[in-house]
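*Asks:* Give me coordinates for this.
(2 chains)
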Amino acid sequence: MNGRRWPRRLLAAWSGLVYLFLYAPIAVLVVFSFNAARQTALWEGLTLDWYRRLLGNEVLLRSVRNSLVVAGLTTVAATVLGTLAALALARFEFRGRRSTRTLLFLPVIIPEVVLGAALLTLFGAVGLRLSLWTVVIAHVVFSVSYVAIVVRARLAGLDPSLEEAARDLGAGPFETFRRVTLPLLLPGIAASALLVFILSIDDYVVTSFVAGVGATTLPLHIYSMLRVGVTPEVNAVSTLLLAVTIVLIVLAHRLLQGGRSSS
Amino acid sequence: MMKRFFMIVLAAVALFAASCGGGGDETGTAAPEARTVNIYIWTNYLPQDVLEEFERRTGIDANVDTYDSNEAILDKLQSGVADYDIVVPSDYMVKILIPEGLLQEIDHARLPSAKNLDPRFLDQAHDPGNRHSFPYLWGTTGIGYDKTKTGGPVDSWRALFDERYAGRILMLDDAREAFGAALKIMGRSLNEKDPAVLRQAAEMLKKQKRLVKTYNSSDFANLLAAGDVDLAHGWNGELAEVVASHPDRLVYVVPKEGGTLWIDNVAIPKTARNVDAAYEFMNFVMEPEIMARIVNDVHYAAANQAALPMIDEAIRNDPAIYPPKEVLDRCELIEDLGETTPLIDELWTEVKAQ
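*Replies:* Next up is the predicted model:
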């Protein structure tokens, strides 16, 4: 009896440690966003001051808005392009299919610094002025691959007989796609969309290369604050962002669950 | 259900677009006649109300972006597609940008407010004759310490090499700054190029290592405030801030041997499209009352003589921000050492690896 319980307890303790390792920094950040002290390492009592200041800090708020705009646009563009790429690679025979498949991994493997420098050189060569749009383009470049990879994995696990059945029942190619393929792919698409959103909203390296006038995103702003010391204002904004992200994830999860039970 | 998902995505996008409103649209290429100026500057270097006054007075729309390192300016300007009209590089970066041809020559006749600047900070080695830049704010490197733990005032770099403080010292993880402290004790220049002298300095640093708790350039002020170390080698901005919040125990001092001086400068990139607006901005920030408002907000010292009487007394008399003249006279700018740089890097690696 006892001999069997031990491994289980060990496993529980180990899992606890892993969760602690993963979430302790986040918990500390949230707690310190309510810290009355200006330094991040000392606790001096509870306050909502940093949240109040945050609402008055236009530069910081603008950087949050920039981050949300970039992440929103990137998510839509990368998810659509990535899904189409995955479908093309899985369903159609065309010249260069294999090399395209391999090349698709490149943005995932390539170091971000290299990608950022390469994009900056490219924009310079074609004379594209740096702005918020160049940031969106850069983010789409590195996130399309993630979508294509995730969606392709989902496609590979799809039972082809379902699409065959739809066609047998008289559905045209578009109807089959809309009513059978797409709903089945949706969990993969939604998961990759979330992944893209998160990758985009916290990207620093690539963004720092290609951001232009009016395109300071939140990560850029936080790094630039390091010179004068990070104030708990940053903790406050991170906590809010965390809350938004959690709401988004719960929402997406709910949507997917709902979809599964109705089908 | 799928429809609902896309409706939500669409709604979210619409919301982002609406919320970015002006902000997002302004980011396109700015027509020169629209009277804008795009400023690329360190964080907390330009208070919001000063910026608003500039916009009110001139009718120019100012966009501000921030960076975290001088190298960011170099990257952006080298690309040739960054639309910045004003940049604020530090001394050594000005020296790199000028030969690269990335800064415009400044027409002094268009900057009547430049007469307010302190001659002490003009015509420096990084830009002789101020042909490409004018000084904005400046600061120093020194020692922050906890007077309740050191048992008395500290006024010399020797404190960082003192056995009594073993295990309670923090040094900047920065070759030039660390060598600077040792060289100053030896009565030498920060920009010493003699290999024999540099080797001697390296020996001092090697001996000192046993006393040093940590080498750190990013978090030194917090570690001092939290009591993890009692003496911290560091830059005045961050240290002045923790000193201000713990005046009962923390002190910042520029050692009597002199420390490092750094100057951040306003300049106009070659690629600037709104040159007239850039001149107007430079003139504006060099006005004494405007500069005084900036200093009162950002707590860095201004290279502006005429602004001094209008700066809060507490800041003006704070030796952490405005060190006494005789100390400042012994401070030096870090200059490019050219061929000696690899030797310093090598010696620093030896110190750290020991």
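
*Asks:* List the contacts of B:Leu333.
*Replies:* B:91, B:124-126, B:260-263 (C-beta atoms under 8 Å, 6 or more residues apart in numbering or on different chains). For every residue, glycine as well, the C-beta is placed using N, CA and C.

*Asks:* can I get these in CSV with distance to chain A?
*Replies:* Converted to CSV, the contacts of B:Leu333 look like this (distance: C-beta to the nearest C-beta, whole Å):
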residue, distance to chain A
B:Asp91, 15
B:Gln124, 21
B:Ala125, 23
B:His126, 19
B:Thr260, 16
B:Leu261, 17
B:Trp262, 12
B:Ile263, 15
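
*Asks:* Now for A:Ala191: which residues touch it?
*Replies:* Counting by C-beta under 8 Å, 6+ apart, A:Ala191 touches A:150, A:252.

*Asks:* Show the average pLDDT along the helix or strand hosting it.
*Replies:* Assignment of secondary structure by DSSP states H and E places A:Ala191 within helix A:182-201. The predicted model gives helix A:182-201 an average pLDDT of 89.

*Asks:* CA-only coordinates of it, as PDB, when you get a sec.
*Replies:* The C-alpha trace of helix A:182-201 is given here as PDB (Å, rounded to 0.1, in the frame of the first residue of the first chain):
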ATOM      1  CA  LEU A 182     -12.700  24.200 -41.600                       C
ATOM      2  CA  PRO A 183     -14.700  23.300 -38.500                       C
ATOM      3  CA  LEU A 184     -12.500  20.300 -37.900                       C
ATOM      4  CA  LEU A 185      -9.400  22.500 -38.300                       C
ATOM      5  CA  LEU A 186     -10.700  25.200 -36.100                       C
ATOM      6  CA  PRO A 187      -9.100  24.000 -32.800                       C
ATOM      7  CA  GLY A 188      -5.700  24.000 -34.500                       C
ATOM      8  CA  ILE A 189      -6.400  27.400 -36.100                       C
ATOM      9  CA  ALA A 190      -7.500  28.900 -32.900                       C
ATOM     10  CA  ALA A 191      -4.600  27.500 -31.000                       C
ATOM     11  CA  SER A 192      -2.100  28.900 -33.500                       C
ATOM     12  CA  ALA A 193      -3.900  32.200 -33.500                       C
ATOM     13  CA  LEU A 194      -3.400  32.500 -29.800                       C
ATOM     14  CA  LEU A 195       0.200  31.400 -30.100                       C
ATOM     15  CA  VAL A 196       0.800  34.100 -32.700                       C
ATOM     16  CA  PHE A 197      -0.900  36.700 -30.600                       C
ATOM     17  CA  ILE A 198       1.400  35.900 -27.700                       C
ATOM     18  CA  LEU A 199       4.500  35.700 -29.800                       C
ATOM     19  CA  SER A 200       3.700  39.000 -31.300                       C
ATOM     20  CA  ILE A 201       2.800  40.900 -28.200                       C
END
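
*Asks:* Figure out how far it is from the centre of its chain.
*Replies:* Computed by C-alpha atoms, centre = their mean, to the nearest Å, the chain-centroid distance of helix A:182-201 equals 8 Å.

*Asks:* Where does pLDDT dip in the chain?
*Replies:* Here I'm looking at chain A. Per-residue confidence for chain A (pLDDT under 70) gives these ranges: A:1-3, A:38-42, A:226-230, A:255-263.

*Asks:* try again with chain B
*Replies:* Counting by pLDDT under 70, chain B has low-confidence residues at B:1-34.

*Asks:* Going along the chain, name the strands of it.
*Replies:* B:36-42, B:61-67, B:86-87, B:133-146, B:169-171, B:212-215, B:231-235, B:250-253, B:260-267, B:301-302, B:332-333 (DSSP state E).

*Asks:* Same list, those, but as CSV with distance to A:Arg91 please.
*Replies:* Putting those into CSV (distance: least, C-beta to C-beta, whole Å) gives the following:
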stretch, distance to A:Arg91
strand B:36-42, 47
strand B:61-67, 44
strand B:86-87, 51
strand B:133-146, 59
strand B:169-171, 61
strand B:212-215, 57
strand B:231-235, 59
strand B:250-253, 67
strand B:260-267, 56
strand B:301-302, 66
strand B:332-333, 64
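
*Asks:* Next, the buried residues of the helix holding A:Ala191.
*Replies:* With burial defined by 16 or more other C-beta atoms under 10 Å in any protein chain shown, the residues of helix A:182-201 counted as buried are A:183-201.

*Asks:* Could you pull up the residues touching the residue nearest to the spatial centre of chain B?
*Replies:* To find the centre residue of chain B, average its C-alpha atoms and take the closest one (C-alpha atoms, centre = their mean): that gives B:Asp264, at 5.7 Å. Contact criterion C-beta under 8 Å, 6+ apart gives B:42, B:45, B:88-91, B:135-138 as the residues in contact with B:Asp264.

*Asks:* go on, B:Val50?
*Replies:* Taking C-beta under 8 Å, 6+ apart as the definition of contact, the neighbours of B:Val50 are B:285, B:290, B:293-294, B:297.

*Asks:* tell me which of those is nearest to chain A?
*Replies:* For the contacts of B:Val50, the closest approach to chain A (C-beta to the nearest C-beta) belongs to B:Asp297, at 11.7 Å.

*Asks:* from what I can see the closest one touches B:Leu51, true?
*Replies:* No. Counting by C-beta atoms under 8 Å, B:Asp297 sits too far from B:Leu51 to count as a contact (11.0 Å).
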